[in-house]
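> Turn this into a model:
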Amino acid sequence: MRWEQGRATFEGMLGRGEIEKVAASRPQAEELLAQAGKHLATARLAMESDPIGAYQLLYDAARKALCAVLENQGLRASSRGGHIVVYEAVSAQLDPPLSRSLRPFDRMRRRRNEAEYPRLGSP
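Sure thing, here's the model as predicted:
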């Protein structure tokens, strides 16, 4: 599979082992989207009682939706690449035209990390 927009970014990620080629799977992509939908529904229910947990579910829903884009193309982030690579890989292809839709994910990722791995002495 060839990508025109973001090709250099993808080739670099592949070369560094941040993403890997897998068999493209529409069913797996659809399963990730279904999981994302369940996470959103659960996050809505937990907003009042567990806002940090709800935010983490919201973030996971967004991450799985982006992973679905890659899965459908036969790509997957490796453990070396982590969550940031999912964002960078999808952004390389789709920013533009989806800049406004994609940018909040990086903010969500940073906030989720702050909640998940708090620094001592910070709220």
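> list the buried ones in the helix or strand bottoming out on mean pLDDT in the chain?
Least confident helix or strand of the chain, by mean pLDDT, DSSP states H and E, is helix 99-116 with a mean of 78. For helix 99-116, burial by neighbour count (16 or more other Cβ atoms under 10 Å) applies to 102, 105, 108-109, 112. The way it works is simple: take the backbone N, C-alpha and C, and place the C-beta from them, glycine included.
> Within the helices and strands, which one has G15?
helix 7-16 (DSSP states H and E).
> Which other helices and strands does that helix contact?
Contacts defined by 3 or more Cβ pairs under 8 Å, 6 or more residues apart in numbering; DSSP states H and E place helix 7-16 against strand 19-21, helix 82-94.
> Tabulate the ones you listed in TSV, adding columns for mean pLDDT, distance to E11 and mean neighbour count.
Below are these laid out as TSV (pLDDT from 0 to 100; distance: least, Cβ to Cβ, whole Å; neighbours: other Cβ atoms under 10 Å):
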stretch	mean pLDDT	distance to E11	mean neighbour count
strand 19-21	93	10	16
helix 82-94	85	10	19
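> got the ones you listed as JSON lines, with distance to D60 columns?
Listed next are the helices and strands packed on helix 7-16 as JSON lines, based on distance: least, Cβ to Cβ, whole Å:
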{"stretch": "strand 19-21", "distance to D60": "19"}
{"stretch": "helix 82-94", "distance to D60": "10"}
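> L40 is nearest to which of those?
Comparison of the helices and strands packed on helix 7-16 against L40 by Cβ to Cβ identifies helix 82-94 as nearest, at 17.4 Å.
> Please identify the buried residues of the strand or helix carrying C67?
Assigned by DSSP H and E, C67 belongs to helix 51-73. By 16+ other Cβ under 10 Å, the buried positions in helix 51-73 come out as 54-73.
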